[in-house]
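> Structure, please.
(one chain, ligands or ions: 1)
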Amino acid sequence: MSDFDAAAAERFAADGFLKVEEAFPRETGERAQALLWKRLGLAPDRPEEWTRPVVWLEPSGEGALGEVTRGDRLTTALDLLIGPGGWAPRPFIGMTPVRFPHPEDSGDTGWHIDQNRPGPDGAWGVATGWSHTFLLLLLFSEVGPDDAPTRIRVGSHRDTARVLEPYGEEGVPFFESGPILDEATAHRPEALATGLPGDAFICHPLLVHAAQRHRGTRPRFMSQIPMFLTTPLSPGGSTPLDRSTWNGRV
Ligand SMILES: O=C(O)CCC(=O)C(=O)O
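Next up is the predicted model:
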């Protein structure tokens, strides 16, 4: 049986995310990690130089970083959940917060959804239910429960849709949206984005998630990329993503 069948689509509709194991080959994930170490100017065997809790790296399509969003398993899963032609390919990785073992919080660990629509001036800075994007998390290292896996509030996309609806398409400024969404979703169970290099998480655009402090020993390499929807999310819309948000079924 395929991993990407009607049951997987129903799980995504209920939970707001789907883990895709080996979304790209493990070996590609390891090559991507090696490139990211170079960009950091740090090394796996010099932990004395890992002095900050997080270093954010810029998007890039260099070498293996340009291959990771092209995997067959990932595109099959995206076609199932978002719809064929419903998403635009992006052959690169997004911002990459590399998280290191550290006693201090990095200051970027609040619950939120990502900025998902341009404002009137074209700049991105709002959170709205009428999202133009959805989120992919791409793993380039082995991430266990202590290695700062992204925290996910399971099913929180439904709460977000409800609490953001009164703000309409204009949405809420990103920094005001965090406390609203944190409060609306605090009752949800938590899942962790753990896995191996090559695994990916397809996240509903309204899924509430947060980073956390690294309590382990091996730095966490994960990239987050906003993927564009060809038709923005909309209450009453008819795309698979619209239906999974407001009707509860794909
Ligand atoms: O670093 C993380 O675990 C989460 C990053 C994040 O907040 C995001 O993907 O929007």
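
> which residue of this structure sits farthest from its center?
Distance from the C-alpha centroid of the chain peaks at Glu48, with 29.7 Å (Cα atoms, centre = their mean).

> Assign a three-state SS to it, would you?
helix (DSSP: H, G, I helix; E, B strand; the rest coil).

> for Glu22, same thing?
Classified using three-state DSSP, Glu22 is coil.

> cool, and Val126?
strand.

> Okay, and the beta partners of it?
Arg117, Pro173 (DSSP bridges).

> Count the neighbours of it for me.
23 (other Cβ atoms under 10 Å). Placement of C-beta: from N, CA and C, glycine included.

> can you pull the pLDDT of it?
The model reports Val126 with a pLDDT of 92.

> how close does it sit to Thr133?
Distance from Val126 to Thr133, counting by Cβ to Cβ, to the nearest Å: 12 Å.

> Quick check: neighbours shared by those two?
Common neighbours of Val126 and Thr133 (criterion: Cβ atoms under 8 Å, 6 or more residues apart in numbering): 116-117.

> how about the closest residue to Phe24 other than its chain neighbours, what does it touch?
For Phe24, ignoring the flanking residues on the chain, the nearest one in space by Cβ to Cβ, 6 or more residues apart in numbering is Gly71 at 3.9 Å. If you count contacts by Cβ under 8 Å, 6+ apart, Gly71 has them with 22-25, 28.

> one more time with 10 Å
20, 22-25, 28, 77, 198, 200 (Cβ atoms under 10 Å, 6 or more residues apart in numbering).

> Looking at those residues, which one is closest to the ligand?
Ala200 (12.4 Å; Cβ to the nearest ligand atom).

> Report whether the expected contact of the closest one with Ala32 is present.
No: counting by Cβ atoms under 10 Å, Ala200 sits too far from Ala32 to count as a contact (12.0 Å).

> Overlap in contacts, the two.
Joint contacts of Ala200 and Ala32 (Cβ under 10 Å, 6+ apart) are 24, 68, 138-139, 223.

> His157 falls within a helix, correct?
Yes: counting by three-state DSSP, His157 is part of a helix.

> Next, count neighbours for it.
29.

> how far away is it from the ligand?
Shown here: His157 relative to the ligand, a distance of 14 Å by Cβ to the nearest ligand atom, to the nearest Å.

> residues contacting that residue?
Per Cβ under 10 Å, 6+ apart, neighbours of His157: 12-17, 113, 129, 185, 188, 203-208, 233, 241, 244-245.

> can you check Gln33 too?
Here Gln33 is in contact with 44, 64, 98, 139-142, 197, 219, 221 (Cβ under 10 Å, 6+ apart).

> Make a markdown table from the residues you listed and add distance to the ligand to it.
A markdown table is the format used below for the contacts of Gln33 (distance: Cβ to the nearest ligand atom, whole Å):
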| residue | distance to the ligand |
| --- | --- |
| Pro44 | 19 |
| Ala64 | 20 |
| Val98 | 9 |
| Leu139 | 11 |
| Phe140 | 12 |
| Ser141 | 12 |
| Glu142 | 15 |
| Pro197 | 16 |
| Pro219 | 12 |
| Phe221 | 10 |
